[in-house]
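Visitor: Below are the sequence and a predicted model; questions follow.
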Amino acid sequence: MSLKEKCMIVNLRVATWSARKYDRKVSNEVAQTHAAQDAGRFNKILIAGEALKKITKVGNSARTYHYANTLSWSDAGDRILPSENFMNYAAEMAKFKSEFEALVSEFVSTYPSLKEDARARLNTLFDEADYPPQEFISKKFGLSFSYMPIADVEDFRVAISQEETDRIKLEIQAALDSRVKNAQEEMLKRIRVAVGNMAEALLVPDKVFRDSLVGNIEELVEVTPLLNFTKNEQIEKAVNMMKPLCVDPNQLRKDAAYRKEIAEKAKKASSLI
């Protein structure tokens with residue numbers, strides 16, 4: 001099966017309104033008051049409260065999920081999504097998009113009252129010109145994702161000499177091979193970091209740790225096989241080495257001997273991955 005049948009390219013775009021505005025006049029006033037130069041920039045908070053924070057939080061969660069469930073592909077922000085993980089990815093991203101758009105709709109409906117709150121809060125700093133009209137404010141937000149096929153070397157057909165065509169095909173194949181190798185290394189790096197963090201934390205008997213120390217391992221055990229589109233043996237071996245580390249974090253806190261045992265397993269795994 002060719003690479004284009006195993007994977008696709010996905011690109012995520014998340015846009016939010018910062019609701020902050022640089023005030024040159026106030027910045028200059030502060031500098032003059034203190035006889036200072038290049039003292040800083042004063043930015044007004046146009047909308048206060050939780051309304052924007054909720055939207056931003058969903059956008060950040062979508063990004064986090066996107067990066068965890070895809071692999072790096074190009075400097076342009078394109079990510080590689082293995083077909084085995086497509087259904088999971090598409091379903092979760094649809095949820096993020098739905099929640100994001102619902103919050104944006106709620107924000108737009110309350111925008112006039114939020115602006116009036118800002119008028120009172122900012123007092124003489126309030127400037128009507130800082131606020132887009134209500135009918136345009138929704139354009140400040142967006143959460144979208146798009147899919148594209150991976151180019152195949154054999155799809156390259158241009159009216160140039162066969163010699164040049166063959167040379168360019170070799171360059172394309174070399175670039176594809178390099179990107180696949182980088183994707184594999186990214187998976188291994190994720191595993192090394194998570195396992196290394198576990199070993200480092202558990203080897204110190206009294207060190208406090210969060211449940212996410214184990215949760216990160218469990219997540220990798222679940223998602224890595226779906227991302228391992230080349231069925232790389234080293235990655236498969238690393239996943240198998242993580243499985244014994246998927247334990248109850250509370251038991252690690254209560255049982256010192258058990259904690260030491262898991263810590264040694266994590267340390268050994270970290271050295272072998």
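Guide: That came through, no problem. Model, not experiment: these values are computed from the prediction.
Visitor: How about the contacts made by F141?
Guide: The contact partners of F141, by C-beta atoms under 8 Å, 6 or more residues apart in numbering, come to 15-17, 55, 100, 104, 107. The way it works is simple: take the backbone N, C-alpha and C, and place the C-beta from them, glycine included.
Visitor: Throw the residues you listed into JSON lines and include distance to F136 and neighbour count, thanks.
Guide: Shown next, in JSON lines, are those (distance: C-beta to C-beta, whole Å; neighbours: other C-beta atoms under 10 Å):
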{"residue": "A15", "distance to F136": "14", "neighbour count": "11"}
{"residue": "T16", "distance to F136": "15", "neighbour count": "18"}
{"residue": "W17", "distance to F136": "11", "neighbour count": "18"}
{"residue": "I55", "distance to F136": "16", "neighbour count": "24"}
{"residue": "F100", "distance to F136": "18", "neighbour count": "24"}
{"residue": "V104", "distance to F136": "13", "neighbour count": "22"}
{"residue": "F107", "distance to F136": "13", "neighbour count": "21"}
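Visitor: Show me the residues you listed that map onto strands.
Guide: Among the contacts of F141, the members found in strands (DSSP state E) are A15.
Visitor: nearest to N85, of the contacts of F141?
Guide: F100 (21.2 Å; C-beta to C-beta).
Visitor: Now do the helices for the chain: every range, in order, please.
Guide: Remark: helices of the chain, listed N- to C-terminal, are 3-6, 24-33, 51-68, 86-122, 134-137, 162-202, 212-227, 233-242, 249-254, 256-272; assignment by DSSP state H.
Visitor: Please state the offset of the longest one from the chain centre?
Guide: Spelled out, that is helix 162-202. 18 Å (C-alpha atoms, centre = their mean, to the nearest Å).
Visitor: confidence score at Y89?
Guide: Y89 carries a pLDDT value of 96.
Visitor: That should have said P205, apologies.
Guide: pLDDT, P205: 91.
Visitor: Leaving out chain neighbours, which residue sits closest to it?
Guide: Spatial nearest neighbour of P205, excluding adjacent residues (C-beta to C-beta, 6 or more residues apart in numbering): A256 at 6.4 Å.
Visitor: Run a quick neighbour tally on that neighbour.
Guide: Using other C-beta atoms under 10 Å, A256 has 11 other residues around it.
Visitor: again, but for T64
Guide: For T64, the neighbour count with other C-beta under 10 Å is 11.
Visitor: Please work out which helix or strand belonging to this protein has the smallest mean pLDDT.
Guide: Ranking every helix and strand in the chain by mean pLDDT, DSSP states H and E puts helix 24-33 at the bottom, with a mean of 74.
Visitor: now this structure, which segments are flagged as low pLDDT?
Guide: Applying pLDDT under 70 to the chain flags residues 1, 30-31, 35-36, 152-162, 164-169, 172.
Visitor: rerun at 50
Guide: Within the chain, the ranges that satisfy pLDDT under 50 run 158-159.
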